[in-house]
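**Student:** predicted coordinates and the sequence they were generated for:
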Amino acid sequence: MLDALLTPIGQGFLAVAGFIGLNADLMDRYGLRFLQGVWVTVELVGLSMIFGAILALPLAVARVEGGRITSRLAFGYSYFFRGTPLLAQTFLVYYGAGQFREFFTDIGLWWFFRDAFNCAVFTFTLNTAAYQAEILRGGLQSLPVGQNEGGKSLGLTRYQIYRTILLPQAYAVGLRPLGNEVVLMIKSSAIASVVTVYDLMGVTRLAFSRSYDMEVYLWAAVLYLLMVEIVRRVWDVLERRLNRHVAVSR
Amino acid sequence: MEFLTLLSFGPGGWGDEIARGALLTVELALATLPFGLALGLLVALGKDAPSPVVRSAATLFTTVFRGLPELLTLFIVYYGGQMLLTRLAGYFWPGANVEVNQFLAGVVALGLVLAAFSSEVFYAALKAVPRGQKEAAAALGLPKWQAFRLVVFPQLWRVALPGLSNNWMVLMKDTSLVSVIAINDLMRQTAIAVGVTKQPFFFYLVACLIYLVFSILSSLVLTRAEARASRGLKRAGAK
């Protein structure tokens, strides 16, 4: 049923592609794999951003609230992951994990690190957590001290002050940089293709190595630009919706 | 102790290979810098140009090279350049095969990305220089080029420098991508060492630390440069 509907659409698409001068034959062979690649990229970015956000929260709070040792540890973490290339971090995790195979088997985690996709998500999570923590810290530190004192005078606990007063405002301040971080992550996720993940970049490299047709890089470029543009548009809407109570001087 | 031997200089260790790779990484970043910044400034001026065609072209350039993954840009420049030049050469010498120098491809690709990002910084800085400055220069009878070089640019530079510092840090890290097209930079030399010694964790950690040292050194230099660029500026509350 679905096939009967999709086949003409697919053939129509190929006909149009051929008509405007694209290589319809190549599109027929790799088109669906490209869509799968896009989905893998979306998964990579989505999972990393979510896990990264969860990890960034304690890191940011540790930098603002932590004593000398905790805040320095959090700073060191951010500094390391922001000061080294993501490619090196990915190799460190992916190949490094292979070296400690016995150890990971012993603690029952080898199934996780055996898979290149998991390693990529793991590395990207650690990386984006460092960036997101800095964004959140900047947001928290931009708030006037009265926000904190107001919460205290209302008799709220530390946790309540953060959850209901400080964090919502910090996220509002950091909304734009967080959107930039999503865009950066989409672009950086192409690095996963170097460790054999078939994301959009991986599929593109595969198709190019078999066809030697530059056109596949053009498709990839258009698809990446499309993804970035969608995120940008969505973020514009988010900003207008979530920050509508804030008077913006722009 | 065993690890120190691995890093020693000489036939038994990988210290000299990695040091050579690190040097190449620095060379690549330094070679990209003038090209990328000059192109970035040009694109920024293009965004401010009277002609709408030039303005759209400049904006399109930024949108594309800011939105594409650096790895993709690198492949397009490297393989695309190779194919384009081969086809061009084919007109003159049929059957000719052009090999693009990887280092040059790396410089061009990273330079395009740097230009796209730095043009945004330059453009914002250009807007921060008051109109009156340009008009005063014109009133003094300075030709357009001198007005830009002597009056506008030094002020633009001060505003742009913090943003450009950021661009430099990103460029430094992006150089690691060129190892994928077989340039013997720090990343690739490390990979070779790993292939022989089977010590990936140790060697990649060393590579990370070397990049980290580059970052720290860069930020030390750039902080001083920013202080120097702002030397003519008096801030409220400063002594």
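**Tutor:** Great, that's in hand. Numbers count the residues shown, from 1 in each chain, chains lettered A, B, ... in the order given.

**Student:** so which bits of chain A are right by chain B?
**Tutor:** When proximity is defined by CB under 8 Å from any CB of the partner chain, chain A lies next to chain B at A:79-80, A:83-89, A:91-92, A:95-96, A:98-100, A:183, A:186-191, A:193-194, A:201, A:204-205, A:208, A:214, A:217, A:220-221, A:224-225, A:228-229. No exception for glycine: its C-beta is placed from N, CA and C like everyone else's.

**Student:** just the buried residues of those residues.
**Tutor:** Neighbour counting with 16 or more other CB atoms under 10 Å in any protein chain shown marks A:79-80, A:83-89, A:91-92, A:95-96, A:98-100, A:183, A:186-191, A:193-194, A:201, A:204-205, A:208, A:217, A:220-221, A:224, A:228 as buried within the residues of chain A next to chain B.

**Student:** isn't residue A:61 right next to residue A:163, touching?
**Tutor:** No - taking contacts as CB atoms under 8 Å, residue A:61 lies outside contact range of residue A:163: 11.2 Å.

**Student:** okay, those two: which has more neighbours?
**Tutor:** Taking other CB atoms under 10 Å in any protein chain shown, residue A:61 and residue A:163 do not tie; residue A:61 has more neighbours (22 against 12).

**Student:** model confidence for that one, exactly?
**Tutor:** What the model reports as pLDDT for residue A:61 is 93.

**Student:** quick check: closest non-adjacent residue to it.
**Tutor:** Nearest-residue entry for residue A:61: residue A:162, 7.1 Å, with adjacent residues in sequence omitted and distances by CB to CB, 6 or more residues apart in numbering or on different chains.

**Student:** quick check: closest non-adjacent residue to residue A:200.
**Tutor:** Nearest one to residue A:200, counting by CB to CB, 6+ apart, is residue A:37 at 4.0 Å.

**Student:** the one you found touches residue A:197, doesn't it?
**Tutor:** No - under the criterion of CB under 8 Å, residue A:37 makes no contact with residue A:197, lying 9.6 Å away.

**Student:** now residue A:44: phi and psi?
**Tutor:** Torsion angles at residue A:44 (phi, psi; degrees, to the nearest 10) stand at phi -50, psi -50.

**Student:** for it, report the pLDDT, please.
**Tutor:** For residue A:44, the pLDDT comes out at 96.

**Student:** next, count neighbours for the residue nearest to residue A:61.
**Tutor:** Residue A:162, neighbours per other CB under 10 Å, totals 20.

**Student:** state the phi and psi torsions of it.
**Tutor:** The phi/psi pair for residue A:162 (degrees, to the nearest 10) is phi -60, psi -50.

**Student:** test my guess that it contacts residue A:64.
**Tutor:** No - counting by CB under 8 Å, residue A:162 does not reach residue A:64; the two are 9.6 Å apart.

**Student:** low-confidence stretches in the chain?
**Tutor:** No chain specified, so I'll use chain A. Segments of chain A classed as low confidence (criterion: pLDDT under 70) are A:1-2, A:20-21, A:246-250.

**Student:** right idea, wrong chain: chain B
**Tutor:** In chain B (pLDDT under 70), the answer is B:1-2, B:234-239.
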